[in-house]
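**Q** Build me a model from this:
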Amino acid sequence: MPVLAIGAELSFGKYTEEGARTFACHVVGVVAKRTRHWIPEERPDWLSERLLAFFGAALKSHQVA
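**A** Here you go, the predicted structure:
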């Protein structure tokens with residue numbers, strides 16, 4: 001199962017991805033720059049773009065012809 005690990009630069013940052021890799025194989029990690037802890041409140045447009053891209057890619061890779 002694909003996992004999107006989102007870390008805030010001024011909080012856990014890249015360690016969110018590293019932590020997710022301990023329980024998942026297909027991890028995509030992104031770091032929200034200039035963000036502390038509340039990514040949806042601090043960077044809603046950025047987050048929306050990342051979620052749409054991730055779920056769009058996941059759907060494409062799992063479509064059956």
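**Q** So in terms of bridging, what pairs with residue 6?
**A** Using DSSP bridges, the beta-bridge partners of residue 6 come out as residue 30.
**Q** which stretches of this protein have low pLDDT?
**A** For the chain, applying pLDDT under 70 flags the ranges 58-59, 62-65.
**Q** Could you rerun that using 80?
**A** Filtered on pLDDT under 80, the chain yields the residue ranges 57-65.
**Q** and residue 34, how many residues sit next to it?
**A** The burial metric for residue 34, expressed as a neighbour count using other Cβ atoms under 10 Å, is 10. C-beta: built from backbone N, CA, C; applies to glycine.
**Q** hang on, isn't residue 4 packed against residue 52?
**A** No: counting by Cβ atoms under 8 Å, residue 4 stays clear of residue 52, with 11.1 Å between them.
**Q** ok, the two, which is more surrounded?
**A** Under the criterion of other Cβ under 10 Å, the comparison of residue 4 against residue 52 puts residue 4 first, with 19 against 10.
**Q** Could you confirm the more buried one falls within a strand?
**A** Yes: assignment of residue 4 by DSSP: H, G, I helix; E, B strand; the rest coil places it within a strand.
**Q** Might you report the residue contacts of it?
**A** Taking Cβ atoms under 8 Å, 6 or more residues apart in numbering as the contact definition, residue 4 lies against 27-28, 30, 50-51, 54.
**Q** Setting aside sequence neighbours, what's the nearest residue to residue 37?
**A** Spatial nearest neighbour of residue 37, excluding adjacent residues (Cβ to Cβ, 6 or more residues apart in numbering): residue 11 at 4.8 Å.
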